[in-house]
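Undergrad: Fold the following for me, if possible:
(one chain, ligands or ions: 1)
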Amino acid sequence: MFELRRLTKRYGNRVVLANLDLEFHAGRATALIGPSGCGKSTLLRLLIGLIQPDTGEVLFDGEPLAPERLAPLRQRMGYVIQQGGLFPHLTARDNLGLMPQHLGWSSKRIQARIAELAELTHFPLDGLERYPQELSGGQNQRVALMRALMLDPEVLLLDEPLGALDPMVRFDLQTELREIFQRLQKTVVLVTHDLGEASYLADEILLMRAGQILQRGRLEAMLQAPADAFVARFIRAQRSHSLESNNADPALAQGDQA
Ligand SMILES: Nc1ncnc2c1ncn2[C@@H]1O[C@H](COP(=O)(O)OP(=O)(O)OP(=O)(O)O)[C@@H](O)[C@H]1O
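TA: Here you go, the predicted structure:
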């Protein structure tokens, strides 16, 4: 679905992603994880074409993400950021209707799609008439997810969608997100700081450090055979935190094997 070819991204003199070759397969959920500043969000922004690589290219469904082709390709991707990114001066319903309206959908079709997604994301119908600041953090993220799904995109790109939520809301939304991923079978790329969450939500984990991919695969494989000392240390550092806070993979609960 996505292919990065020899991709390098710099900010000024700083190389953030160096000569990356990478593929994301259709219908799979992949979690990007790694220390702060390792390039996770940059990678996601490159996938959706918000920023351009300095060298190399990103292919989406075999087609280069060239600036002049971006608009139609972006309609095939849904994007959610940590704080939701909803327009504060629009109600939830109007936030959801903005893009389909722009594309000429009828009001009936828009309202039917909103009702369908409110059910999918367990969003209360009366909340649709409220403004983002009148909604809880979890409700804002549900609306942001609904907005990303409005056009029924093939791909969902989620940049720490649950990062700003309190642990109980986060737990509930993790459970719901997993159900949604399994039900919709979309290609998902998700950024998270939390290894338990990564393992719970994604088919595979991509562990990054300083713009490089250190290891890719399931958590169990990382626990059993960490690619290097950093991977082992990263897993150890995450273990107690993940257990306390969420739907952690039971593999994380076992003794210190890493
Ligand atoms: N617009 C920008 N201009 C300059 N430097 C940037 C810009 N965006 C990101 N960076 C730098 O690029 C590096 C990678 O940033 P990025 O946001 O991709 O990391 P991340 O892994 O998502 O971090 P975090 O987990 O803290 O969100 C960081 O050193 C960051 O300071």
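
Undergrad: okay, now residue 2: neighbour count?
TA: 23 (other Cβ atoms under 10 Å). Placement of C-beta: from N, CA and C, glycine included.

Undergrad: residue contacts, the closest residue in space to it that isn't next to it in sequence?
TA: Excluding the flanking residues, the one nearest residue 2 by Cβ to Cβ, 6 or more residues apart in numbering is residue 24, at 4.1 Å. With contact taken as Cβ atoms under 8 Å, 6 or more residues apart in numbering, residue 24 is in contact with 1, 2, 3, 30, 47, 187, 189.

Undergrad: The first one and residue 140: what is the separation?
TA: Here the distance between residue 1 and residue 140 works out to 28 Å (Cβ to Cβ, to the nearest Å).

Undergrad: before we move on, what about residue 61?
TA: On the measure of Cβ to Cβ, residue 61 and residue 140 end up 31 Å apart.

Undergrad: Tell me which of these two has more neighbours.
TA: Neighbour count, other Cβ under 10 Å: between residue 61 and residue 140, residue 140 has more, with 22 against 13.

Undergrad: Alpha carbons of the strand or helix carrying the more buried one, in CSV - could you do that?
TA: For residue 140, the host element (DSSP states H and E) is helix 137-149. In CSV, the C-alpha atoms belonging to helix 137-149 read as follows (Å, rounded to 0.1, in the frame of the first residue of the first chain):
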residue,chain,number,x,y,z
GLY,A,137,-11.0,14.4,25.3
GLY,A,138,-12.2,10.9,24.5
GLN,A,139,-15.2,12.3,22.6
ASN,A,140,-13.0,14.7,20.7
GLN,A,141,-10.9,11.7,19.6
ARG,A,142,-14.0,9.8,18.6
VAL,A,143,-15.1,12.7,16.4
ALA,A,144,-11.6,13.0,15.0
LEU,A,145,-11.7,9.3,14.1
MET,A,146,-15.2,9.6,12.6
ARG,A,147,-13.9,12.5,10.5
ALA,A,148,-11.0,10.4,9.3
LEU,A,149,-13.4,7.6,8.3
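
Undergrad: Residues touching that helix, excluding its own?
TA: So helix 137-149 is in contact with 78-81, 83-86, 92, 95-96, 99, 114, 117-118, 120-124, 127, 132, 135, 156, 158, 161-162, 164-166, 169, 172-173, 177, 180, 184, going by Cβ under 8 Å, 6+ apart.

Undergrad: ditto for stretch 112-130
TA: Residues outside stretch 112-130 that contact it (Cβ under 8 Å, 6+ apart): 91-93, 96-97, 100, 105, 135, 139, 142-143, 145-146, 149-150, 176, 180, 183.

Undergrad: Buried among these? Need that as a selection in PyMOL.
TA: Selection of buried members from the contacts of stretch 112-130 for PyMOL, criterion 16 or more other Cβ atoms under 10 Å:
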select buried, resi 91+92+93+96+97+100+105+135+139+142+143+145+146+149+150+176+180
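
Undergrad: returning to what we had before: out of the contacts of helix 137-149, list just those in helices.
TA: Counting by DSSP state H, the contacts of helix 137-149 place 92, 95-96, 99, 114, 117-118, 120, 169, 172-173, 177, 180, 184 in helices.
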